Structure formats: structure tokens, C-alpha cells
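In: Can you look at this prediction? I've put the sequence above it.
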Amino acid sequence: MQPEQAVEQSKPVLSKRLILVMAIAAGLAVANLYYGQPLLNDMRVSFHATSWQVGISATLTQVGYACGLFFFVPLGDSHERRRLIVRMSIAAAIALVFLAVAQDLWWLYAASLAVGITTVVPQMIVPFAAHLAAPAERGKVVGTVMSGLLIGILLARTLSGFIGSEFGWRAMYLIAAVIMVLLTVTLRWLLPGLPAATQTPYGTLLKSLFTLIRELPDLRDASLLGAMSFGGFSVFWTVLSLYLAGPQFHLGADVAGLFGLAGAAGAFIAPAAGSITARIPAKYTARLATCVTLLSFLILWLFRQHLIGLMIGVIIMDLGVQATQVSNQARIYSLSDAARNRLNTVYMVTYFLGGALGSFIGSFVFDNWHWGGVCAASSILLILGILGFLAVAPKALMPSHDPRDLIN
């Protein structure tokens, strides 16, 4: 018997209960990245700061997440995954408490960066689930876990909006820390232990990321498109609570949180987008979805004075962003079975760097050009993503005869 066959046969059984636990865990963990968006105006008041100054905290959270993805997620290939997930969950709980007690802007910045760095558990859970699943069930299992992650993103804004409105923004982060402690105990108890998949040294794992970037134009193209899509998305969500609190509406964090519910459709687009990519190449469906997101910002600008119009724009925007994400991931996962975790690392690091750029741009353009600047900046990022293949991978959309090009 080959060693690989022995490992395959010794893998723990992936029960429906374990799949559900992984989906819930991914949603609860990823929520840490999004609690702050409806609370930025409350933070601004608390620290007597400008919109741009508190917007930096959202940017640093995204930058921290990108750093955590780059430095910690590849360890899932060379370390026992349950232990790694538990340790990162504990670290996230500590970072959340650090953020909850921030006394000035620099403290807020440091804590926001720490929360981002430690909140990488979702991107460890998804490949863990994929590894445990039988090949025939892998797509369904990953889709279920991803649905939990998307719902976590959705509900994070709604929950933090209501908690922040009733008890203040600090209370939300203390509650989040408690959630992470409970999640740590649950995952330590229910996740199976699993030996490391490889003994590849850490430095070699990191170096291989750059090799993948250099050799796979489809990875470069998908990563840039995803980054610009999430960048436009982040421009909007970074300033929404500030816009709603302004003279046009005079609304609080609770209403900003309700906009998260308007994006519920995004959590249900993943299966549909996945089935479409089985018939149409993912590199095309991803661009079509990004065009849908671009349309949403036209709606958000035209109906900027009406809450219903803003809600419709949010629904369309979330549909476009989630469909782009699913199509891009379907595309990169087909490039290599052996390097799937590292392909995901490259993609997600770029994705959240795009989100960090969007968060930074959002607070800046809102201070200087208000809502029109927000919609224009988002649209420019999306257009750069759609046309970006011309710069990073000019042959990525052309038929390829390279045997290494396994896409579609």
C-alpha cells in the first residue's frame, strides 16, 4: 500500500454534523473582520476623529488579514490543522479584547491590525473540509462551508449595528471575544486530529507562492479581478455608516447594520454561480458578475437620496461580488490539486489587499468628494479589474494549449 493510500484510508469520517460545525465556525470567525464597518461613525465620535482617521482601522484590518493569510494559512499543509486552528482562535479572542479597550487611535490601529492577522481560521477550515471530503462530495462540502462563511459576513454587520446602537461599539468586540473563546472550545472538542500533509519546510512553502504567481497567468488574472471587485465592495461598506449618519438621513449604526440583511441574496448565489461555471468558462462568468457589480454602483448613485434605492443597489452589489468570488475560486482550484491551499493563499491575500485599498480609498474620497466620489472610485476599481488581464496576463482569456493550463 502506498503512503498516500494509507493516509487517504485513515482520514476521519466527515459527518453532516461536522460539516455544519465547520460552516458555523467559518461564519463566526470571519465576522470579526466586518463588525467594525457599521460602527465607524460611533468610533469617530468616541475618538473625536475624522472619517478618514477611523477609516484607517478598517484598512488595517484588511491588511492584517492579508498578512495572516500569507504567513499562517500555508502552515496548514505542514502542521496538524486542529492545533493550528485552535491556537489562532485563541489569538483572535485576545486581539478582540485588545480592540475593545482601545484608548486612542494608535491603539485602535494596532488592535485592528492584530484582529485581521489572527482572523484566518475560516481560510484554514475551508481546505480542512475539502481535505476530509470524498472527491465526489468535495464541491458540495466546500459550498456548504462557504455558505456559512458568507452568512457570517452578512450577519456580522447586522449584529454589530444593533449591538453598537444599544450598548456601544466596545461591547460588540467584547461579545466577539467571548464568541471566539466558545468557538475555540467547540473546535478543540469536535474537530478531528489530522497529521500534516507534508514535511515541506516553511520557507519553501512561502517561496512556492511566488513560483505559482510567476507561472500561472490565470492565477494572476483571477487574483487581480477578485481584488478589484472586493476593493469596490469595501469602498462602499467602509463609508456606509458615515453616509447614513450624515445630513441626508441622520440614521444610526442599527440601520447601517440592516443593510447587511439586504445582501442576503449574496449568500445564496454560490450554488447557482458554481453550476453556471460548469457550462461557461469561469474566467468569463467572473467578468460578467463584475459587470453586475458595476451596474449596482450606477444604481447607488442614481438613488443615493432614497433608502429603498440604496437597498436595491446593495442586493445587486452583493450578488455580483459573491458570483465573482465563486467563479474565481472555481477557476483557480482547477489549476492544481497538489497546490490548492497555496493557490487559495495567493488569491485570498490579493483579494484582501484589494479590500484594504478600497477601505483606504473609501474614507478618503468620502471626506473629499462625498457619495459621488464613493461610487466613482468603486467603479474605477471594478473597470481596472475587468480590463486588468491586459497588464497582468494578456493571454489569460485566450484559448491555451499549454498542458499546465488546466482551466476549463
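Out: Here it is on my side, so go on. The model shown is predicted, which means the values in this text are computed figures rather than measured ones.
In: Can you list the low-confidence ranges for the stretch 1-150 of the chain?
Out: For the stretch 1-150 of the chain, the stretches with pLDDT under 70 are 1-11, 136, 138-139, 143.
In: could you show me where the helices are in it, in order?
Out: For the stretch 1-150 of the chain, helices defined by DSSP state H, counting those that start in this stretch occupy the ranges 3-9, 16-30, 40-46, 51-72, 81-100, 105-118, 121-132, 138-167.
In: Of all those helices, which one comes closest to residue 334?
Out: helix 138-167 (11.3 Å; CB to CB). C-beta coordinates here come from the backbone N, C-alpha and C atoms, glycine included.
In: between that closest one and helix 121-132, how many degrees?
Out: On the basis of axes from the mean of the first three to the mean of the last three CA atoms, to 10 degrees, helix 138-167 is oriented at 160 degrees to helix 121-132.
In: Show me how far helix 138-167 is from its chain's centre.
Out: Averaging C-alpha positions (CA atoms, centre = their mean, to the nearest Å) puts helix 138-167 11 Å from its chain's average.
In: Report the angle between the helix or strand following it and helix 105-118.
Out: Next helix or strand after helix 138-167 toward the C-terminus (DSSP states H and E): helix 169-190. Angle of helix 169-190 versus helix 105-118, following the same axes, to 10 degrees, is 20 degrees.
In: Residue numbering should commence at 577 henceforth.
Out: OK, 577 is where the count begins now, so the last one is helix 745-766.
In: Need the residue closest to the centroid of this protein.
Out: Nearest to the mean C-alpha position of the chain, by CA atoms, centre = their mean, lies residue 928 at 6.6 Å.
In: Could you pull up the residues touching residue 641?
Out: If you count contacts by CB atoms under 8 Å, 6 or more residues apart in numbering, residue 641 has them with 609, 692-693, 695-696, 928, 931.
In: quick one: it from residue 897, how far?
Out: Note on residue 641: its distance to residue 897, by CB to CB, to the nearest Å, is 16 Å.
In: any idea how far residue 882 is from the residue nearest to the centre of the chain?
Out: 32 Å.
In: Check residue 610 too.
Out: 25 Å.
In: what about these two, which has more around it?
Out: residue 610 (22 against 11; other CB atoms under 10 Å).
In: ok, how many other residues are close to the closest residue to the more buried one other than its chain neighbours?
Out: Distances taken as CB to CB, 6 or more residues apart in numbering place residue 732 nearest to residue 610, at 3.9 Å, with adjacent residues excluded. Neighbour count of residue 732, defined by other CB under 10 Å: 25.
In: gap between residue 732 and residue 609?
Out: For residue 732, the distance to residue 609 equals 8 Å [CB to CB].
In: residues shared between the contacts of those two?
Out: Overlap of the contact sets of residue 732 and residue 609 (by CB under 8 Å, 6+ apart) is empty.
In: Show me the shaky parts of the stretch 777-926 of the chain.
Out: For the stretch 777-926 of the chain (pLDDT under 70), the answer is 839-855, 913-914.
In: Going along the chain, name the helices of the stretch 827-976 of the chain.
Out: Counting by DSSP H, counting those that start in this stretch, the helices of the stretch 827-976 of the chain are 829-838, 840-843, 845-853, 858-878, 883-909, 916-963, 965-968.
In: Could you check the angle the first one makes with helix 883-909?
Out: Put plainly, it is helix 829-838. Calculated by the same axes, to 10 degrees, helix 829-838 forms an angle of 50 degrees with helix 883-909.
In: Counting by contacts, list what helix 829-838 packs against.
Out: With contacts defined as 3 or more CB pairs under 8 Å, 6 or more residues apart in numbering; DSSP states H and E, helix 829-838 has these neighbours: helix 616-622, helix 714-743, helix 793-821, helix 883-909.
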